[in-house]
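Participant: give me coordinates for this.
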Amino acid sequence: MSTPYYVSPDQIWEDKKVFVDRGIEQAKEVVVLEYNNGLLMVAENPRRTIFKISEIYDRIALASTGRVSEYEALRVAGIREAEVKGYTYYREDVTGKWLTNLYSQHMSTIAQGWDVKPLEIELLVCEVDSSPGVRSQIYKITFDGTYEESEKFAVIGGRADAITQKLNDEYIEGLELADALQLASRAFESIEVEESEPYQITPETIEVSCLDVTSGRRKFRRFSVEEIAEIFNHAS
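Facilitator: Model (predicted):
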C-alpha cells in the first residue's frame, strides 16, 4: 500500500493566505473615515453596475473589496439576517458588532475547510449611533474571519497600507463632508502612478456613500455622480 501524500496544516494555511493575498493585491481600495456627521465611505470604482458599498440596516453599512460574487453573497445574507433579527426581536438588537461576528464565523468556517477555497475578500462593517457625538464603529474583517475594530478611519484593498499611512499623516477630527472626501481622493491619487500624466480622481471614478447621524431612522445615503461633483466644487 502506498503512503498517502501528506501536507502539514501549517503549510495548507500558509498556502491559503498567499492565495488570498495575491487576489487582494489586485483589488481596488475602499476608505472609510469619520467626519463631523458620521462615516464617509469612498471606493475607487469606475463601474456603475457594481457597488462596493451598501446599506445593510438602519445604521449599518458594508464596504467590500475583492471577488465581487463572494462579497455580494455576504451582503445579501447580511441584509436577510438583519431583517429577520430586527423583525423577530428589536431593531436595536441589530448592531455592527453582531453582524461582524456573523460574518467572522462564516468566513472562518470556509477558511478552515482544508478542501475549500477561501474567500478572496475583505470587509468593513460600519455603524453610527443615533446620537451625534457618539463615536462610530468600524470593523475590518479578513478572509480567515479575523476582525479588528478601527478608530477614525480604516482601509481595505491591495494598497491599504500606503493609504493608511497617508491618512495617518493628514487626517484630523471633525472634518466636514467635503474635506473628508477630498482627503480620501488625495489618498487614492497618492498611490497611483501614471507615466504619461498625473492620476486624478473624478466623480466618475469613485463610489461615495455615508452614514449620516442627522438623517432619520435610515442613516445610509448614496451619492450620485452629480452630487459628488458638487461636493468637489464646494471644497475647491
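
Participant: CA only for contacts and neighbour counts going forward, please
Facilitator: Will do.

Participant: and the contacts of the helix or strand containing residue 18?
Facilitator: Taking DSSP states H and E as the definition, one finds residue 18 inside helix 9-24. Helix 9-24 is contacted from outside by 65-66, 111, 114, 117-122, 143, 157-158, using Cα atoms under 8 Å, 6 or more residues apart in numbering.

Participant: now those in a markdown table, with secondary structure?
Facilitator: As requested, the contacts of helix 9-24 are exported to a markdown table (DSSP: H, G, I helix; E, B strand; the rest coil):
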| residue | secondary structure |
| --- | --- |
| 65 | strand |
| 66 | strand |
| 111 | helix |
| 114 | coil |
| 117 | coil |
| 118 | coil |
| 119 | coil |
| 120 | coil |
| 121 | strand |
| 122 | strand |
| 143 | coil |
| 157 | coil |
| 158 | coil |
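
Participant: just the closest of the residues you listed to residue 214, please.
Facilitator: Ranked by distance to residue 214 (Cα to Cα), those are led by residue 65 at 27.7 Å.

Participant: and residue 47, its phi and psi?
Facilitator: phi -90, psi 130 (degrees, to the nearest 10).

Participant: how near is the residue nearest to it when sequence neighbours are not counted to residue 46?
Facilitator: Once flanking residues are discounted, residue 47 sits nearest to residue 205: 7.7 Å by Cα to Cα, 6 or more residues apart in numbering. Counting by Cα to Cα, to the nearest Å, the gap from residue 205 to residue 46 is 4 Å.

Participant: alright, that wraps it up for me.
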